[in-house]
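Visitor: Please work out how this folds:
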Amino acid sequence: MSHWFDDNVKKPITLFSHPFWIISLEEEICPCVNHVTKEANKECLRCLGTGHKIALFRVNGAHQNHLNLAFRGEGIGFSEKDIVTTYYTYDKTPVKPRDIIVDGKDIDVVEDVFYERSDQQKIVYWRIETAPYKMKKDVFRATLLKLFEKAGVTNG
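Guide: Numbers count the residues shown, from 1 in each chain. Just a heads-up that it's a prediction; the model follows:
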């Protein structure tokens, strides 16, 4: 049976694809975590300040931004604006909620992962929905760049 549909679904992903990093948070707690305060060292190269050991994966994919307005507060009258990003990839991607995606200057947290399947129930591509990383991005980015430098990674 021809898989023409699967190949055609992959075309826009291929057309707009670029490399980005997935930082997968492991279950194991990093030794830098203070057992009293439960806070991680924000400059730790083992966990990048997340408090969990990490694994890094470089994948190719495309992304699309969506504006999401949220009105919060009772009688205060303020709002919050987020740019929600959806990533599409057909690389076998070990991504799960709470993982972090670093795409150029953007740092996002994975909110949900959808395994989009064909009629044959084969996974054709992954749809990854993210929200902006709200912690100290400058410290996170500096620590990540130190890790890349230590590992000899160029084009981080």
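Visitor: The longest helix belonging to the chain packs against which elements?
Guide: Ordering each helix of the chain by length in residues (DSSP state H) puts helix 137-151 first. Packing partners of helix 137-151 (3 or more Cβ pairs under 8 Å, 6 or more residues apart in numbering; DSSP states H and E): strand 106-117. C-beta coordinates here come from the backbone N, C-alpha and C atoms, glycine included.
Visitor: What number of residues are in the vicinity of the residue lying closest to Arg46 once chain neighbours are set aside?
Guide: Leaving aside its sequence neighbours, Arg46 sits nearest to Cys30 (Cβ to Cβ, 6 or more residues apart in numbering; 5.1 Å). Look at Cys30: counted by other Cβ atoms under 10 Å, it has 20 neighbours.
Visitor: How about Thr37?
Guide: 7.
Visitor: Return the angle between stretch directions for the longest helix of the chain and strand 106-117.
Guide: Between helix 137-151 and strand 106-117, the angle comes out at 80 degrees (axes from the mean of the first three to the mean of the last three Cα atoms, to 10 degrees).
Visitor: after the worst-scoring helix or strand of the chain on mean pLDDT comes which helix or strand?
Guide: The least trusted helix or strand in the chain, going by mean pLDDT, DSSP states H and E, turns out to be strand 78-89, with a mean of 73. Per DSSP states H and E, strand 78-89 leads on to strand 100-103 as the next helix or strand towards the C-terminus.
Visitor: Thought Leu56 was touching Ile23, still the case?
Guide: Yes. Contact criterion Cβ atoms under 8 Å: Ile23 and Leu56 qualify, at 5.7 Å.
Visitor: So which of those two has more stuff around it?
Guide: More crowded of Ile23 and Leu56, by other Cβ under 10 Å: Ile23, with 23 against 17.
Visitor: I'd assumed that one was in a strand, is it?
Guide: Yes. The assignment for Ile23 (DSSP: H, G, I helix; E, B strand; the rest coil) places it in a strand.
Visitor: any idea how far the residue nearest the centre of the chain lies from Lys11?
Guide: By Cα atoms, centre = their mean, the chain has its centre lying nearest to Ile101, at 2.3 Å. To Lys11, Ile101 is 23 Å away according to Cβ to Cβ, to the nearest Å.
Visitor: got it, and Gly152?
Guide: On the measure of Cβ to Cβ, Gly152 and Lys11 end up 35 Å apart.
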